[in-house]
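Engineer: after the sequence you'll find the predicted model.
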Amino acid sequence: MKQAPTINQQFWDDLFIQGTMPWDASTTPQELKTYLENALSNGQAVFIPGCGAAYELSSFIQYGHDVIAMDYSEQAVKMAQSTLGKHKDKVVLGDVFNAVFTHSFDVIYERAFLAALPRDQWPAYFAMVDKLLLSGGFLIGYFVIDDDYCSRFPPFCLRSGELAQHFEPTFTLIESSPVTNSVDVFKGKEYWMVWQKC
(Lines give C-alpha, C1' and ligand atoms only; values in the text may rest on other atoms or scores of the structure.)
Protein backbone atom coordinates (compact mmCIF):
# COMPACT_ATOMS: atom_id res chain seq x y z
CA MET A 1 0.00 0.00 0.00
CA LYS A 2 1.33 3.42 -0.96
CA GLN A 3 2.09 5.77 1.89
CA ALA A 4 -0.10 8.86 1.96
CA PRO A 5 1.84 11.75 0.41
CA THR A 6 2.52 15.08 2.05
CA ILE A 7 0.45 17.39 -0.13
CA ASN A 8 2.43 20.62 -0.26
CA GLN A 9 4.12 22.92 -2.77
CA GLN A 10 6.73 20.28 -3.63
CA PHE A 11 4.04 17.65 -4.29
CA TRP A 12 2.32 19.90 -6.84
CA ASP A 13 5.56 21.25 -8.33
CA ASP A 14 6.67 17.67 -9.01
CA LEU A 15 3.41 16.82 -10.77
CA PHE A 16 3.64 19.90 -13.00
CA ILE A 17 7.31 19.21 -13.79
CA GLN A 18 6.50 15.58 -14.67
CA GLY A 19 3.43 16.58 -16.66
CA THR A 20 1.35 14.29 -14.43
CA MET A 21 -1.82 16.36 -14.39
CA PRO A 22 -4.89 14.13 -14.83
CA TRP A 23 -7.16 16.97 -13.67
CA ASP A 24 -5.93 19.23 -16.47
CA ALA A 25 -8.53 19.78 -19.21
CA SER A 26 -6.22 22.21 -21.09
CA THR A 27 -9.12 24.52 -21.88
CA THR A 28 -11.93 26.64 -20.43
CA PRO A 29 -14.83 24.29 -19.60
CA GLN A 30 -18.08 24.73 -21.51
CA GLU A 31 -20.28 25.48 -18.48
CA LEU A 32 -18.05 28.41 -17.56
CA LYS A 33 -18.07 29.73 -21.14
CA THR A 34 -21.87 29.60 -21.15
CA TYR A 35 -22.07 31.33 -17.77
CA LEU A 36 -19.69 34.10 -18.84
CA GLU A 37 -21.64 34.63 -22.05
CA ASN A 38 -25.13 34.59 -20.59
CA ALA A 39 -25.18 35.23 -16.87
CA LEU A 40 -22.27 37.25 -15.52
CA SER A 41 -22.31 41.03 -15.90
CA ASN A 42 -19.10 42.55 -17.27
CA GLY A 43 -16.57 44.24 -15.03
CA GLN A 44 -16.59 41.87 -12.06
CA ALA A 45 -13.61 41.49 -9.71
CA VAL A 46 -12.73 37.79 -9.94
CA PHE A 47 -10.40 35.62 -7.86
CA ILE A 48 -9.18 32.17 -8.96
CA PRO A 49 -7.61 30.38 -5.96
CA GLY A 50 -5.36 27.39 -6.57
CA CYS A 51 -5.44 28.30 -10.24
CA GLY A 52 -2.98 25.72 -11.61
CA ALA A 53 -2.36 26.44 -15.29
CA ALA A 54 -5.18 29.06 -15.21
CA TYR A 55 -6.63 28.36 -18.66
CA GLU A 56 -9.86 30.09 -17.66
CA LEU A 57 -8.19 33.40 -16.84
CA SER A 58 -8.12 34.50 -20.49
CA SER A 59 -11.84 33.78 -20.81
CA PHE A 60 -12.67 36.00 -17.83
CA ILE A 61 -10.52 38.78 -19.32
CA GLN A 62 -12.17 38.33 -22.72
CA TYR A 63 -15.54 39.05 -21.09
CA GLY A 64 -14.26 42.21 -19.41
CA HIS A 65 -13.55 41.01 -15.89
CA ASP A 66 -10.72 42.09 -13.60
CA VAL A 67 -9.06 38.82 -12.58
CA ILE A 68 -6.34 37.75 -10.19
CA ALA A 69 -5.28 34.10 -10.00
CA MET A 70 -3.03 32.55 -7.36
CA ASP A 71 -1.24 29.27 -6.76
CA TYR A 72 1.47 28.24 -4.30
CA SER A 73 3.11 25.92 -6.84
CA GLU A 74 5.88 27.84 -8.59
CA GLN A 75 5.74 25.43 -11.51
CA ALA A 76 1.98 25.96 -11.93
CA VAL A 77 2.44 29.73 -11.92
CA LYS A 78 5.27 29.50 -14.48
CA MET A 79 3.11 27.30 -16.71
CA ALA A 80 0.17 29.69 -16.46
CA GLN A 81 2.29 32.78 -17.09
CA SER A 82 3.94 31.19 -20.13
CA THR A 83 0.60 31.11 -21.98
CA LEU A 84 -0.86 34.45 -20.93
CA GLY A 85 1.34 36.96 -22.72
CA LYS A 86 0.54 40.52 -21.61
CA HIS A 87 -1.79 39.19 -18.91
CA LYS A 88 0.84 37.06 -17.16
CA ASP A 89 0.99 39.47 -14.20
CA LYS A 90 -2.59 38.40 -13.39
CA VAL A 91 -1.19 35.10 -12.03
CA VAL A 92 0.72 35.39 -8.78
CA LEU A 93 2.65 32.99 -6.59
CA GLY A 94 1.22 32.80 -3.08
CA ASP A 95 -0.73 30.98 -0.41
CA VAL A 96 -4.41 31.89 -0.79
CA PHE A 97 -5.05 31.26 2.90
CA ASN A 98 -2.51 33.86 4.02
CA ALA A 99 -2.62 36.34 1.15
CA VAL A 100 -3.56 39.95 1.84
CA PHE A 101 -5.80 41.65 -0.71
CA THR A 102 -6.68 45.34 -0.98
CA HIS A 103 -10.28 44.55 -1.93
CA SER A 104 -12.90 41.82 -1.82
CA PHE A 105 -14.20 40.02 -4.90
CA ASP A 106 -17.51 39.81 -6.75
CA VAL A 107 -16.76 36.30 -7.99
CA ILE A 108 -14.57 33.41 -6.82
CA TYR A 109 -14.02 30.67 -9.39
CA GLU A 110 -13.47 27.11 -8.19
CA ARG A 111 -12.00 24.36 -10.30
CA ALA A 112 -10.12 21.42 -8.78
CA PHE A 113 -8.76 23.50 -5.87
CA LEU A 114 -11.04 22.19 -3.12
CA ALA A 115 -10.57 18.64 -4.46
CA ALA A 116 -6.80 19.14 -4.27
CA LEU A 117 -6.93 20.02 -0.58
CA PRO A 118 -6.83 17.37 2.13
CA ARG A 119 -10.06 17.48 4.10
CA ASP A 120 -8.39 18.93 7.20
CA GLN A 121 -7.75 22.09 5.15
CA TRP A 122 -11.36 22.47 4.05
CA PRO A 123 -12.40 24.73 6.96
CA ALA A 124 -9.69 27.17 5.83
CA TYR A 125 -11.08 27.02 2.28
CA PHE A 126 -14.63 27.84 3.33
CA ALA A 127 -13.39 30.61 5.64
CA MET A 128 -11.34 32.06 2.75
CA VAL A 129 -14.36 32.09 0.43
CA ASP A 130 -16.53 33.79 3.03
CA LYS A 131 -13.84 36.35 3.86
CA LEU A 132 -12.95 37.32 0.28
CA LEU A 133 -16.38 37.30 -1.34
CA LEU A 134 -18.55 40.41 -1.19
CA SER A 135 -22.14 40.18 0.00
CA GLY A 136 -24.22 39.35 -3.08
CA GLY A 137 -21.16 37.86 -4.78
CA PHE A 138 -20.90 34.45 -6.41
CA LEU A 139 -18.83 31.33 -5.89
CA ILE A 140 -18.98 29.62 -9.27
CA GLY A 141 -17.32 26.54 -10.62
CA TYR A 142 -16.83 22.81 -10.32
CA PHE A 143 -17.22 20.60 -7.29
CA VAL A 144 -16.31 16.92 -7.05
CA ILE A 145 -18.91 14.84 -5.19
CA ASP A 146 -18.83 11.08 -4.58
CA ASP A 147 -20.22 9.32 -1.52
CA ASP A 148 -18.13 6.18 -2.08
CA TYR A 149 -14.77 7.62 -3.11
CA CYS A 150 -11.94 7.17 -0.62
CA SER A 151 -8.31 7.97 -1.36
CA ARG A 152 -5.23 9.37 0.32
CA PHE A 153 -4.40 11.10 -2.98
CA PRO A 154 -6.33 13.90 -4.71
CA PRO A 155 -9.08 14.30 -5.70
CA PHE A 156 -10.63 14.54 -2.26
CA CYS A 157 -14.36 14.29 -2.88
CA LEU A 158 -17.24 15.98 -1.15
CA ARG A 159 -20.16 13.91 0.08
CA SER A 160 -23.74 14.59 -1.01
CA GLY A 161 -25.12 17.59 0.85
CA GLU A 162 -21.77 18.50 2.37
CA LEU A 163 -21.46 21.83 0.58
CA ALA A 164 -24.84 22.94 1.89
CA GLN A 165 -23.71 22.09 5.42
CA HIS A 166 -20.72 24.39 4.99
CA PHE A 167 -22.47 27.20 3.11
CA GLU A 168 -26.04 27.53 4.33
CA PRO A 169 -27.51 29.85 5.48
CA THR A 170 -24.83 32.35 4.36
CA PHE A 171 -24.86 31.08 0.76
CA THR A 172 -27.76 30.08 -1.50
CA LEU A 173 -27.40 27.52 -4.29
CA ILE A 174 -28.49 29.17 -7.55
CA GLU A 175 -27.44 26.54 -10.11
CA SER A 176 -26.36 22.91 -10.00
CA SER A 177 -25.90 20.46 -12.85
CA PRO A 178 -23.80 17.34 -13.48
CA VAL A 179 -20.87 17.79 -15.85
CA THR A 180 -21.00 15.45 -18.83
CA ASN A 181 -17.55 16.02 -20.33
CA SER A 182 -15.26 15.79 -17.29
CA VAL A 183 -11.67 14.60 -17.49
CA ASP A 184 -11.39 10.95 -16.46
CA VAL A 185 -10.35 11.56 -12.85
CA PHE A 186 -13.56 13.56 -12.23
CA LYS A 187 -15.90 11.63 -14.54
CA GLY A 188 -19.33 11.02 -13.00
CA LYS A 189 -18.38 13.04 -9.90
CA GLU A 190 -18.19 16.64 -11.13
CA TYR A 191 -20.92 19.26 -10.77
CA TRP A 192 -21.13 22.81 -12.04
CA MET A 193 -22.55 25.04 -9.31
CA VAL A 194 -23.28 28.69 -8.63
CA TRP A 195 -23.59 29.78 -4.98
CA GLN A 196 -24.56 33.33 -4.03
CA LYS A 197 -23.47 34.90 -0.78
CA CYS A 198 -26.35 36.57 1.06
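Structural biologist: Perfect, thanks for sending it. Residues are numbered from 1 along each chain as shown.
Engineer: contacts, neighbours, all on C-alpha from now
Structural biologist: Noted.
Engineer: would you map the helices across the chain?
Structural biologist: Taking DSSP state H, the helices of the chain run over residues 9-18, 30-38, 57-62, 74-84, 122-132, 162-167.
Engineer: in this protein, which strand is the longest?
Structural biologist: Using DSSP state E to define each element, the chain has its longest strand at strand 133-144.
Engineer: in its sheet, what does it sit against?
Structural biologist: Using DSSP bridges, the strands paired with strand 133-144 are strand 105-111 (parallel), strand 190-197 (antiparallel).
Engineer: nearest to Gly64, out of those?
Structural biologist: Closest approach to Gly64 among the strands paired with strand 133-144 is made by strand 105-111 (13.1 Å; CA to CA).
Engineer: off-centre distance for the closest one?
Structural biologist: 8 Å (CA atoms, centre = their mean, to the nearest Å).
Engineer: find the nearest non-adjacent residue to the residue nearest the centre of the chain, please.
Structural biologist: In the chain, the centroid-proximal residue (CA atoms, centre = their mean) is Glu110; its distance is 2.6 Å. When the adjacent residues along the chain are set aside, Glu110 lies closest to Gly141, with 4.6 Å between them (CA to CA, 6 or more residues apart in numbering).
Engineer: tell me the bridge partners for the one you found.
Structural biologist: Glu110, Met193.
Engineer: do Lys197 as well
Structural biologist: Beta-bridge partners of Lys197, as defined by DSSP bridges: Phe171.
Engineer: tell me if I'm right that it and Leu132 touch.
Structural biologist: No. Taking contacts as CA atoms under 8 Å, Lys197 lies outside contact range of Leu132: 10.8 Å.
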